[in-house]
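Visitor: Predicted model, plus sequence, below.
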Amino acid sequence: MKLANLNPELRCRVLSAADDYEELQSRFFALGLFPGVEVKVLRSAPLGDPLQIRVGSSLLSIRKREAEWIEVEQLPS
């Protein structure tokens, strides 16, 4: 499942982040989005872009097209 497709208030774990795109992967890793980390989708903007997510104690906003590069597995609520 892609992070971009997750509904708000759901928790997930990152499986991979832009494996085929080194520059974007480096940016994700710098933001703390790397395999194994837990992420929670908090909300999306009125038109669905960007997404606000929580990674640890940090709040991030990422574009939906970038969230398409992040593969996740949903965790129980």
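Guide: Happy to help now that I have it. Numbers count the residues shown, from 1 in each chain.
Visitor: now the nearest residue to K64 once chain neighbours are set aside: how far from G36?
Guide: Sequence neighbours aside, D49 is the residue nearest to K64 in space, at 4.3 Å (criterion: CB to CB, 6 or more residues apart in numbering). The C-beta positions use only the backbone N, C-alpha and C, and glycine is treated the same way. Distance, D49 to G36, using CB to CB, to the nearest Å: 26 Å.
Visitor: Give me the residues contacting stretch 54-65.
Guide: Under the criterion CB atoms under 8 Å, 6 or more residues apart in numbering, residues 4, 31-33, 37-40, 42, 44, 48-53 lie in contact with stretch 54-65.
Visitor: Just the buried ones among those, please.
Guide: Buried residues within these, counting neighbours by 16 or more other CB atoms under 10 Å: A4, L33, V37, V39, K40, S44, P50, L51, I53.
Visitor: which stretches of the chain form helices?
Guide: 22-31, 64-67 (DSSP state H).
Visitor: what's the distance between the residue nearest to L42 when sequence neighbours are not counted and Y21?
Guide: Of all residues not flanking L42 in the chain, Q52 sits nearest, at 4.5 Å (CB to CB, 6+ apart). Remark: distance between Q52 and Y21 (CB to CB) = 23 Å.
Visitor: Mind jotting down where the strands sit in this protein?
Guide: For the chain, the strands defined by DSSP state E occupy 11-17, 38-44, 51-55, 58-62, 70-74.
Visitor: From P50, how far out is N7?
Guide: Using CB to CB, N7 is found at 15 Å from P50.
Visitor: I meant E71, not that one.
Guide: According to CB to CB, E71 stands 19 Å off from P50.
Visitor: Likewise for I62?
Guide: Between I62 and P50 the computed distance is 6 Å (CB to CB).
Visitor: Next, count neighbours for the closest residue to N7 other than its chain neighbours.
Guide: Distances taken as CB to CB, 6+ apart put V41 closest to N7, at 6.9 Å, once the chain neighbours are dropped. If you count neighbours by other CB atoms under 10 Å, V41 ends up with 21.
Visitor: Bridged to V41, which residues?
Guide: I53 (DSSP bridges).
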